[in-house]
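1. Show me how the following folds:
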Amino acid sequence: MSRTPDRNFDWESFLKEKDRRRKKTMGVLAVLLPGLLFLFFYLFQNRHYLVFSLLMLSCLVAAFVYNFERRRPRAREVVLLASMTALTTCANEICAHTVPLHAGTTFVVLSGIGLGPEAGFLIGALSRFLCNFFDGQGPWTPWQMFAWGLIGYLSGLFFNRTERRNRMVKQSLAERLSLQKNQTFRAVAGPLLCILAFLTVGYLIFLFAGRRDESFFGWRVYAWGFAGMVAGGFVQRRRLPADVLTVTLFTFFSSLLLYGGIMNFSAMLMSTSPVDGAQVISLDALRTLYLTGLPYDAAHAGGAALCAFVFGDGILQRIQRIQIKFGILL
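-> Now for the predicted structure:
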């Protein structure tokens with residue numbers, strides 16, 4: 001029997017609480033990050049970069065977990081999160097030891113789209129933590145947890161923006177759960193054009209002002225691409241439709257720019273050795289890491305996007321069916 005909360009359910013209060021919770025998370029992060037930076041510059045005195053980064057990432061993950069726990073999730077919601085975390089871990093490990101398609105990243109994106117930003121972050125962070133019990137734990141684990149969690153959070157944020165409509169307008173539950181599909185290209189054209197425009201501007205600046213002994217296909221791709229992605233988020237006023245094309249493109253660019261950009265930076269921190277008691281960060285080393293890491297990041301993003309193109313629609317339909325059947329609203 002369906003337990004859909006479609007009748008006698010205060011959708012306006014639900015959307016307001018949903019919006020308030022997200023704003024509160026952003027406010028906590030806005031206070032937490034400057035405080036950690038103050039500790040770093042005035043107490044650590046530009047030393048112990050790796051220790052500081054691990055402390056910062058731990059605080060960020062704890063902030064998301066605490067915010068989710070405060071809403072007191074029901075047992076059925078916790079079961080769904082645990083199931084998606086297990087599926088993400090299994091998908092990632094199967095691909096890691098068979099074909100490098102990176103289905104784990106795809107599941108993180110789909111979890112954020114289907115269940116919302118908070119659930120997407122938790123599933124991404126917990127899945128990466130569990131995966132490293134098989135692949136090996138280390139100082140890279142918090143970085144991977146944060147990178148996957150951030151992808152899941154942004155997936156939910158872009159595809160689940162709070163939209164309040166006139167109460168007289170009848171909406172399907174799929175629309176209210178932000179899973180309504182749209183096969184038009186207009187919704188994704190704005191963010192995609194922003195990314196391409198920023199990459200083009202960055203390349204033109206490199207041609208006229210860049211050094212001849214460097215390559216554009218390094219840190220500039222990540223920097224300009226991420227800037228275009230942020231600009232696309234401001235341009236896109238409404239939530240993205242969960243169709244095959246949009247999900248595939250979002251999976252590719254988020255995996256390439258976010259996961260690749262974060263993990264290349266973390267690799268520099270973990271490989272830099274202290275000099276006279278202080279840890280010196282070399283920009284040349286960072287440029288080299290971004291340059292050499294681009295092929296792997298592109299392959300990672302391509303494999304995840306391929307999985308999203310082939311299996312994404314079916315997985316989202318099943319998530320939607322579970323939400324409708326058991327009345328799960330995250």
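2. Which elements pack onto the longest helix seen in the chain?
-> Criterion DSSP state H: the longest helix present in the chain is helix 283-326. In terms of contacts (3 or more C-beta pairs under 8 Å, 6 or more residues apart in numbering; DSSP states H and E), helix 283-326 is packed against helix 75-97, helix 103-115, helix 173-176, helix 219-235, helix 244-253, helix 260-271. Yep, even glycine has a C-beta here, placed from its N, CA and C like the rest.
3. could I get those helices as JSON lines with distance to residue 64, mean pLDDT and mean neighbour count?
-> Shown next, in JSON lines, are these (distance: least, C-beta to C-beta, whole Å; pLDDT from 0 to 100; neighbours: other C-beta atoms under 10 Å):
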{"stretch": "helix 75-97", "distance to residue 64": "13", "mean pLDDT": "89", "mean neighbour count": "17"}
{"stretch": "helix 103-115", "distance to residue 64": "12", "mean pLDDT": "90", "mean neighbour count": "30"}
{"stretch": "helix 173-176", "distance to residue 64": "24", "mean pLDDT": "49", "mean neighbour count": "16"}
{"stretch": "helix 219-235", "distance to residue 64": "19", "mean pLDDT": "78", "mean neighbour count": "19"}
{"stretch": "helix 244-253", "distance to residue 64": "20", "mean pLDDT": "86", "mean neighbour count": "22"}
{"stretch": "helix 260-271", "distance to residue 64": "16", "mean pLDDT": "81", "mean neighbour count": "19"}
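4. Let me know which of those is the nearest to residue 52.
-> helix 260-271 (9.2 Å; C-beta to C-beta).
5. other SSEs contacting the closest one?
-> helix 49-70, helix 140-159, helix 219-235, helix 283-326.
6. Residues contacting that helix, please?
-> The contact list for helix 260-271 (C-beta atoms under 8 Å, 6 or more residues apart in numbering) reads 49-50, 53, 139-140, 143-144, 146-147, 150, 222, 226, 281-282, 285-286, 289-290, 293-294, 296-297, 300-301.
7. Do you know the pLDDT at residue 211?
-> Residue 211 carries a pLDDT value of 71.
8. What is the three-state secondary structure of it?
-> State at residue 211, reduced to three classes by DSSP: H, G, I helix; E, B strand; the rest coil: coil.
9. In contact with it: list those residues for me.
-> Contacts of residue 211 were listed using C-beta under 8 Å, 6+ apart, and none were found.
10. Mind checking which of the contacts of helix 260-271 are buried?
-> 49, 53, 140, 143-144, 146-147, 150, 222, 226, 286, 289-290, 293-294, 297, 300-301 (16 or more other C-beta atoms under 10 Å).
11. Count the neighbours of residue 299 for me.
-> Using other C-beta atoms under 10 Å, residue 299 is surrounded by 14 other residues.
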